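Peer 1: Quick one, fold the following:
(4 chains)
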Protein chains: 2
Amino acid sequence: MNIKEASQITGVPASTIRYYEKEHIIPAVDRNNSGVRDFDDHAIRRISFAKKMRDAGMEISTLKQYINLFDNVENSEDEQLALLVEQKRLMEAKRDKMQDAIDHLAHKIENFDTHMLKIEDELRTMKANKKERL
Amino acid sequence: MNIKEASQITGVPASTIRYYEKEHIIPAVDRNNSGVRDFDDHAIRRISFAKKMRDAGMEISTLKQYINLFDNVENSEDEQLALLVEQKRLMEAKRDKMQDAIDHLAHKIENFDTHMLKIEDELRTMKANKKERL
DNA sequence: ATATTACTTAAAGCCGACTTTAAGGCAAGA
DNA sequence: TCTTGCCTTAAAGTCGGCTTTAAGTAATAT
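Peer 2: Below is the predicted model of the structure:
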């Protein structure tokens, strides 16, 4: 599979895939005889994982660290687990901040509705008065 | 209250507060006779709101749009409500993506534990065999 | 044969969101 | 008076994360 298809499947631009490979965020992709990248299932999964983590706000540098720990080093199970747990914790904290903001907006929306109802009420009263005057 | 205190209270750097004012993300702050900013409660709340939204990943441009809609324009209740609802929806979508990533990490952590237990098991077996051989 | 279309690289460019720098002003304390 | 410590501005600089550009190669269609 060439880079265009890989891009379509993963939703990651070809230029970004190349950039991720250069930065070792995904492993070096296989090449055919003429030096063209040939993506297999594993490569696709790695791109998708990178995308998922980036979408969740994980920084490139952290992702790199993570990848390096899991790809290159042996005998660092403790470190690996620690990183997983730490990243999960950070993401949960971020998610909670988002929830805060969502709650804030929800509150504004509720108040807004109440406000609107009050205005509608006033409009009804005005119309009633108008009818009376007719 | 001067900018240093405002910064300490809100957790937003003084340079960022100045930047936010310049970009109209917070309203123009009162000045004393010598041109020094004097922050009141309202100003502080506006900075905190900006921070909350930024922390939740809202872009500066969106925040600007939002602020403009609520501060400057009259008679755009529909637009205001629409923006609130739309921003809430976007944030919820983002939060859900984060949850996806968190679940992914949680899954890895679980598998990791299982994997570790398996390894420990192997170690126990090896030690047992070693004892037998003694 | 040549045009099209996809690929390749390295390097430069871009954008958002600040942050830092340079140059200076004001007010209080030693 | 002068040093300390705060403040001010405009402009330049930084950083992360891509994206675009320029120049070239390779396979396929006409």
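
Peer 1: My guess is A:Gln80 contacts A:Phe70. True?
Peer 2: Yes - using C-beta atoms under 8 Å, A:Gln80 is in contact with A:Phe70, at 6.2 Å. Bear in mind the C-beta positions are built from the backbone N, C-alpha and C, glycine included.

Peer 1: Roughly how far does the residue nearest to A:Tyr66 when sequence neighbours are not counted sit from B:Leu90?
Peer 2: Excluding the flanking residues, the one nearest A:Tyr66 by C-beta to C-beta, 6 or more residues apart in numbering or on different chains is A:Leu83, at 5.9 Å. To B:Leu90, A:Leu83 is 30 Å away according to C-beta to C-beta, to the nearest Å.

Peer 1: With A:His42 instead?
Peer 2: Taken as C-beta to C-beta, the span from A:His42 to B:Leu90 is 33 Å.

Peer 1: So those two - more neighbours on which side?
Peer 2: Set A:His42 next to B:Leu90 and count neighbours by other C-beta atoms under 10 Å in any protein chain shown: B:Leu90 wins out with 16 against 12.

Peer 1: what does chain A put close to chain B?
Peer 2: A:49, A:52-53, A:55-58, A:77, A:80-81, A:84-85, A:87-88, A:91-92, A:94-95, A:97-102, A:104-106, A:108-109, A:112, A:116, A:119 (C-beta under 8 Å from any C-beta of the partner chain).

Peer 1: Helices along chain A, start to end?
Peer 2: Ranges of helices in chain A, per DSSP state H, are A:3-10, A:14-22, A:41-55, A:60-71, A:77-133.

Peer 1: Centroid-nearest residue for chain A?
Peer 2: Centroid check for chain A by C-alpha atoms, centre = their mean gives A:Asp55 as the closest residue, at 1.9 Å.

Peer 1: Could you check how many residues crowd around the nearest residue to it once chain neighbours are set aside?
Peer 2: Of all residues not flanking A:Asp55 in the chain, B:Lys97 sits nearest, at 4.9 Å (C-beta to C-beta, 6+ apart). Using other C-beta under 10 Å, B:Lys97 has 16 neighbouring residues.

Peer 1: Distance check, B:Lys97 against B:Asp55.
Peer 2: Distance of B:Lys97 to B:Asp55, given as C-beta to C-beta: 16 Å.

Peer 1: Tell me which residues touch the closest residue to DNA strand D within chain A, please.
Peer 2: Per C-beta to the nearest atom of the strand, A:Ile60 is where chain A lies closest to DNA strand D, at 2.8 Å. Contact analysis of A:Ile60 by C-beta atoms under 8 Å, 6 or more residues apart in numbering or on different chains lists A:Glu23, A:Ile25, A:Arg54.

Peer 1: any idea of the pLDDT on the residue nearest to A:Asp55?
Peer 2: Note on B:Lys97: pLDDT of 95.

Peer 1: ditto for A:Met91
Peer 2: For A:Met91, the predicted pLDDT is 95.

Peer 1: Repeat that for A:Ala43.
Peer 2: If you check A:Ala43, the pLDDT there is 97.

Peer 1: how near is the closest residue to A:Leu81 other than its chain neighbours to A:Glu86?
Peer 2: Spatial nearest neighbour of A:Leu81, excluding adjacent residues (C-beta to C-beta, 6+ apart): B:Phe112 at 5.4 Å. B:Phe112 sits 13 Å away from A:Glu86 when distances are taken as C-beta to C-beta.
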